[in-house]
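**Q** what follows is a predicted protein model with its sequence.
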Amino acid sequence: MPSSKRVLIVGGSGRTGKLVIEELLRRDHKVTALVRKPEAVQNEIDAGLKTVTGTPMNIEDVRNAFAQNKPEVVIVTLSAPRASDSPFADVVAPPRLMADSTANVVAVMKEFNTSKIVIMQAFGVGESWVNMPCVMQLLMKKSNMIYQYDDHNLVAKETKASGESFVLVRPTRLVESEAKEIKECPEHGKGVPVLAAITRGSVAKFLVDAAEKGDWDNTAPVITN
């Protein structure tokens, strides 16, 4: 059983973020969440979670969150919001929401000597783009989802260049369900089927595993069920 860690989660009020918090607490980690609306997580998650009100777009809010428990590792589950769940819906976030937020987190990590950042991305980001089925590439290019991929790509490029230890987790299509058996796809997802999917519960489990262990440090694993 890994020893308890001090963990900061950014993006904890999202659907996957809440599951990450629950998994961290279940494993007895000391968890702080930086969220704009603490009630969004405190009303649904058992006691044991500390919250800091703020946004990762503001570096002083990030510093305040770090000061609360001096985290050993950070987990980021941010996503750029759209007007609806439709892939063609308008993006309602700044172009560099995730990149600027992550840059703020990495800058403060250096100040507090935090050792690692684990970031939830998506299959198709970075090196995995060439392995995404052509029909999915076309969907991305023709929909507003491409803007989120552009932002994720900036996160990957800048985080790798930062010198900090990282894990860039790239799940296939997310579906709502509990954790199941997780498959790691070699060569950045080569051969992943068009309809490949993974449950949010599985992603949450993998993100916490990556925070606890060094098995995936400085890599970008593609995962599916």
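**A** Cool, the structure landed.
**Q** after the worst-scoring helix or strand of the chain on mean pLDDT comes which helix or strand?
**A** The helix or strand with the lowest mean pLDDT-type score in the chain, counting by mean pLDDT, DSSP states H and E, is helix 39-42 (a mean of 81). Proceeding N to C from helix 39-42, the next assigned helix or strand is strand 49-53, under DSSP states H and E.
**Q** what comes up buried for whatever helix or strand comes next after that next one?
**A** Taking DSSP H and E as the definition, the helix or strand that follows strand 49-53 towards the C-terminus is helix 59-69. Applying a neighbour-count criterion of 16 or more other Cβ atoms under 10 Å, one finds I59, D61, V62, A65, F66, Q68 buried in helix 59-69. For glycine as for every other residue, the C-beta is placed from the backbone atoms N, C-alpha and C.
**Q** rebuild these as a markdown table, extending it with pLDDT and distance to K50.
**A** Written out in a markdown table, the entries for those read as follows (pLDDT from 0 to 100; distance: Cβ to Cβ, whole Å):
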| residue | pLDDT | distance to K50 |
| --- | --- | --- |
| I59 | 98 | 20 |
| D61 | 98 | 14 |
| V62 | 98 | 15 |
| A65 | 98 | 9 |
| F66 | 98 | 12 |
| Q68 | 94 | 6 |
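**Q** ok, those vs L139, which is closest?
**A** When the buried residues of helix 59-69 are compared for distance to L139, the smallest value, 33.7 Å, is given by V62; criterion: Cβ to Cβ.
**Q** pretty sure the closest one contacts G54?
**A** Yes. At 7.4 Å, V62 counts as touching G54 under the criterion of Cβ atoms under 8 Å.
**Q** about what we covered before: what's the closest of the buried residues of helix 59-69 to K110?
**A** The shortest separation between K110 and any of those is 10.7 Å, and it belongs to F66 (by Cβ to Cβ).
**Q** list the contacts for the closest one?
**A** Shown in contact with F66 (Cβ atoms under 8 Å, 6 or more residues apart in numbering): L8, V108, M109, E111, F112, T114.
**Q** which one of the residues you listed has the most neighbours?
**A** Each of those was scored by neighbours using other Cβ atoms under 10 Å; the highest score is L8's, at 30 neighbours.
**Q** spatially nearest residue to it (excluding sequence neighbours)?
**A** P71 (3.9 Å; Cβ to Cβ, 6 or more residues apart in numbering).
**Q** what's near enough to touch the one you found?
**A** Applying Cβ under 8 Å, 6+ apart, the residues contacting P71 are K5, R6, V7, L8, T32, F112, T114.
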